[in-house]
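Enquirer: okay, here's the prediction I keep looking at, along with the sequence it came from:
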Amino acid sequence: MATMSRNIVRRFSAVFGSKVGVLALTLVTTPILVRLLGSGGYGDYSFLLSTLQWVLVFVYAGAFKGTRKFIAEDRSDDWADHVFAFYFRLVFVLAAVVVTAVVLLSGTPHVASFLGPEFARYFAVLALIVPARACLRLGRSALMGFGLESYSEPLQIVDRVLFAAMIVIVSVVGGGVTAALTSRVISTGIAALIGLALVSRRIDLSTLASPSTGPVPAKRLAIYSGSTMALSFLLLSLYHVDVILLRLLVGSSATGYYRAALVIAEFLWFVPTAIQITLLHSTSQLWVDDRYDRLTEISTRAVRYTVLCTALLALGVAGLAEPVLTLYFGPAFDAAVVPLLLLLPGAVGFAVARPVFAISQGQENLRLLIGVTAVAALLNAALNVILIPALGPSGAAIATSIGYGSMFGLHVWNGRRLGFDPLADVRAVRVAGTVLAAAVPILGLPRLLESDPLSLVVVPPVGAVAFAGLALATGAVRPGEIRRIASASPVPTTRLATLCPDRILDAIGPTDHDG
């Protein structure tokens with residue numbers, strides 16, 4: 001059990017480190033893109049990427065999750081080779097179909113008449129991204145199935161570094177949406193080639209040409225993939241239906257402002273997403289062994305840590321919404337402040353649902369999981385259709401926030417139906433006390449300082465220290481938990497521990513009794 005906890009923490013550390021790197025690079029490239037493309041061009045670019053995500057769900061066919069899950073479950077001699085070969089062949093066929101369809105569609109007069117003549121060119125470039133993204137995803141998923149997150153996750157950094165470099169060049173020499181899309185094709189293609197080269201060290205790629213499925217039950221993998229694809233479509237509707245409807249019903253400029261609010265709101269997810277990615281393949285074997293007690297223990301800690309991390313970020317974003325948007329995107333983006341504030345409650349709910357969702361997906365019967373996700377997706381779509389025509393970006397934010405927030409309650413209910421309880425040790429009163437007390441300095445300081453640049457410098461560190469101290473003081477997090485996480489982390493914690501002796505932790509927080 002201790003070994004498994006240590007492995008989960010190490011895997012999470014690799015995924016989280018990559019997420020931080022990707023986030024940092026996104027923070028660098030996004031304002032360059034916004035200024036390069038303008039609010040209208042950025043709205044079109046966001047619309048294209050949202051469209052791409054829908055296309056890629058069909059292409060991926062559940063391969064990212066399926067490859068991770070099934071490689072992690074069995075270590076027989078050629079099991080992994082045939083799992084990878086099965087998914088690679090499946091994705092290759094689907095990618096070829098989609099690329100052909102997109103290229104043919106881009107040449108029809110319907111695209112030009114409905115969206116504009118420039119979109120024929122955009123979709124032609126977009127088609128090239130499809131196989132590059134698919135290969136990168138497959139490479140990463142295989143490496144993660146082997147527990148090699150330290151190799152799989154830096155591939156995202158490589159992709160983003162190359163993209164950032166090319167965007168900087170484009171911003172100097174000039175270019176628009178087509179240049180931005182081409183930069184994505186090149187950066188993702190290079191990262192995908194590196195990923196497949198790393199996979200070839202563990203997997204015999206000659207199996208790709210073999211018609212045999214070996215020891216792999218192809219029907220079992222196909223059913224799981226189909227269920228995962230259905231789930232992905234539902235999740236994508238949660239992520240992108242608001243952007244697509246806004247672009248079609250309101251226009252590109254409003255979409256650009258709303259997309260800016262979404263970028264900041266989704267910043268709350270970088271820790272929960274790392275937890276989600278780690279837990280699916282890390283807990284798959286527990287489902288095979290019927291270890292519901294261990295699933296409850298892992299899920300409830302993941303939920304509690306996610307609530308605390310996400311609440312801290314949400315308070316910071318709420319307190320600094322206007323200076324962040326106007327200084328980061330430009331003065332015109334003060335129009336995105338209200339949609340951002342409306343999105344935050346739902347973004348927190350969706351963040352907390354993520355670890356529960358991942359653990360539930362570790363078992364193979366996904367029917368109930370699909371059902372509860374469909375409820376949230378339908379609620380989100382219906383509210384967007386109703387509210388966008390009346391309220392524009394604010395209506396999209398209200399609808400999306402409600403849809404996002406519903407995911408938490410629905411997936412906790414689903415987890416309990418499956419046999420584990422994500423709220424068994426969530427310490428709701430202690431967590432709520434921490435959040436409410438921390439809200440005073442985090443939300444109050446910007447108003448006290450009355451300076452946007454000074455607030456951006458002072459509030460984050462002061463808020464983080466205050467929140468951490470309160471979490472320990474209330475018992476939302478106990479000293480022993482910090483020590484366990486630190487001991488399992490790949491960071492050299494022995495030296496770091498000397499900076500915070502036991503007597504200080506014990507003085508701040510109550511004694512740890514949870515083992």
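Expert: The structure has been received and is ready for your questions. Residues are numbered from 1 along each chain as shown.
Enquirer: use CA for all of it now, contacts and neighbours both
Expert: Fine.
Enquirer: show me the contacts for residue 284.
Expert: By C-alpha atoms under 8 Å, 6 or more residues apart in numbering, the contact list for residue 284 reads 69, 72, 73, 359, 362, 363.
Enquirer: make TSV from the residues you listed and add secondary structure to it.
Expert: Formatted as TSV, the contacts of residue 284 follow (DSSP: H, G, I helix; E, B strand; the rest coil):
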residue	secondary structure
69	helix
72	helix
73	helix
359	helix
362	coil
363	coil
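Enquirer: turn those into CSV, columns for neighbour count.
Expert: Putting these into CSV (neighbours: other C-alpha atoms under 10 Å) gives the following:
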residue, neighbour count
69, 26
72, 22
73, 19
359, 27
362, 23
363, 19
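Enquirer: tabulate those in CSV, adding columns for pLDDT and distance to residue 179.
Expert: Formatted as CSV, the contacts of residue 284 follow (pLDDT from 0 to 100; distance: C-alpha to C-alpha, whole Å):
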residue, pLDDT, distance to residue 179
69, 77, 37
72, 75, 39
73, 69, 42
359, 86, 40
362, 78, 39
363, 78, 42
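Enquirer: and of those residues, the nearest to residue 80?
Expert: Of all these, residue 80 sits closest to residue 72, with 8.6 Å by C-alpha to C-alpha.
Enquirer: follow-up on the earlier one: can I get the contacts of residue 284 in CSV including distance to residue 28?
Expert: As requested, the contacts of residue 284 are exported to CSV (distance: C-alpha to C-alpha, whole Å):
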residue, distance to residue 28
69, 33
72, 35
73, 39
359, 33
362, 35
363, 38
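Enquirer: give me the phi and psi for residue 361.
Expert: Main-chain dihedrals, residue 361, degrees, to the nearest 10: phi -80, psi -10.
Enquirer: ugh, wrong one, I meant residue 450
Expert: Residue 450 adopts backbone torsions of phi 50, psi 40, taken as degrees, to the nearest 10.
Enquirer: also residue 288?
Expert: phi -60, psi -40.
Enquirer: contacting residues for it?
Expert: Residue 288 neighbours (C-alpha under 8 Å, 6+ apart): residue 363.
Enquirer: any idea how far residue 65 is from it?
Expert: Applying C-alpha to C-alpha, to the nearest Å, the value for residue 288 to residue 65 is 16 Å.
Enquirer: likewise residue 46?
Expert: 25 Å.
Enquirer: likewise for residue 363?
Expert: 12 Å.
Enquirer: what segments of the stretch 251-400 of the chain are helices?
Expert: Per DSSP state H, counting those that start in this stretch, the stretch 251-400 of the chain carries helices over the ranges 252-265, 270-288, 292-319, 321-328, 337-360, 367-391, 393-418.
Enquirer: let me have the ones you listed in a markdown table, extended by distance to residue 152.
Expert: Putting the helices of the stretch 251-400 of the chain into a markdown table (distance: least, C-alpha to C-alpha, whole Å) gives the following:
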| stretch | distance to residue 152 |
| --- | --- |
| helix 252-265 | 24 |
| helix 270-288 | 12 |
| helix 292-319 | 22 |
| helix 321-328 | 30 |
| helix 337-360 | 19 |
| helix 367-391 | 27 |
| helix 393-418 | 28 |
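Enquirer: of all the ones you listed, which lies closest to residue 79?
Expert: Closest among these, using C-alpha to C-alpha: helix 270-288, at 15.6 Å.
Enquirer: and that closest one, what's buried?
Expert: 270-287 (16 or more other C-alpha atoms under 10 Å).
Enquirer: next up, the contacts around the residue most central in space within the chain.
Expert: Centroid-nearest residue in the chain, with C-alpha atoms, centre = their mean: residue 273, separated by 4.2 Å. For residue 273, the contacting residues are 351, 354, by C-alpha under 8 Å, 6+ apart.
Enquirer: any figure for the gap between it and residue 351?
Expert: From residue 273 across to residue 351, the span is 8 Å (C-alpha to C-alpha).
Enquirer: cool, and residue 218?
Expert: Taking C-alpha to C-alpha, one finds residue 218 at 33 Å from residue 351.
Enquirer: who's more crowded, the two?
Expert: With neighbours defined as other C-alpha atoms under 10 Å, residue 218 and residue 351 compare such that residue 351 has more, 29 against 15.
Enquirer: quick one: contacts for the more buried one?
Expert: Taking C-alpha under 8 Å, 6+ apart, one finds 268, 269, 272, 273, 306, 307, 310 in contact with residue 351.
Enquirer: ok, of those residues, which one's closest to residue 432?
Expert: Lowest distance from residue 432 to these (C-alpha to C-alpha) belongs to residue 307, with 9.6 Å.
Enquirer: in this structure that closest one contacts residue 352, no?
Expert: Yes: in this structure, residue 307 is within contact of residue 352 by C-alpha atoms under 8 Å, at 5.9 Å.
Enquirer: and those two? Which one has more around it.
Expert: Legend: neighbour count by other C-alpha under 10 Å for residue 307 and residue 352, higher for residue 352 (30 against 22).
Enquirer: doesn't residue 309 make contact with that one?
Expert: No: using C-alpha under 8 Å, residue 352 is not in contact with residue 309, being 9.7 Å away.
Enquirer: so for stretch 437-450, what gets flagged as buried?
Expert: 438, 439, 441, 442, 443, 445, 446.
Enquirer: contacts for it?
Expert: For stretch 437-450, the external contacting residues (C-alpha under 8 Å, 6+ apart) are 315-316, 318-320, 452, 455, 459-460, 462-463, 466-467, 470.
Enquirer: got it, and stretch 407-414?
Expert: 349-350, 352-353, 356-357, 360, 368-369, 372-373, 376, 421-423.
Enquirer: pLDDT at residue 115, what is it?
Expert: On the pLDDT scale, residue 115 is placed at 72.
Enquirer: neighbours around it, how many?
Expert: Neighbourhood size, residue 115 [other C-alpha under 10 Å]: 13.
Enquirer: likewise for residue 25?
Expert: With other C-alpha under 10 Å as criterion, residue 25 counts 16.
Enquirer: before we move on, what about residue 206?
Expert: Residue 206 has 10 nearby residues by other C-alpha under 10 Å.
Enquirer: the helix or strand harbouring residue 33 - what's its average pLDDT?
Expert: Using DSSP states H and E, the secondary-structure element containing residue 33 is helix 2-60. Per-residue pLDDT over helix 2-60 has a mean of 73.
Enquirer: what angle do that helix and helix 270-288 make?
Expert: Interaxial angle, helix 2-60 versus helix 270-288 (axes from the mean of the first three to the mean of the last three C-alpha atoms, to 10 degrees): 100 degrees.
Enquirer: thank you kindly, that will do.
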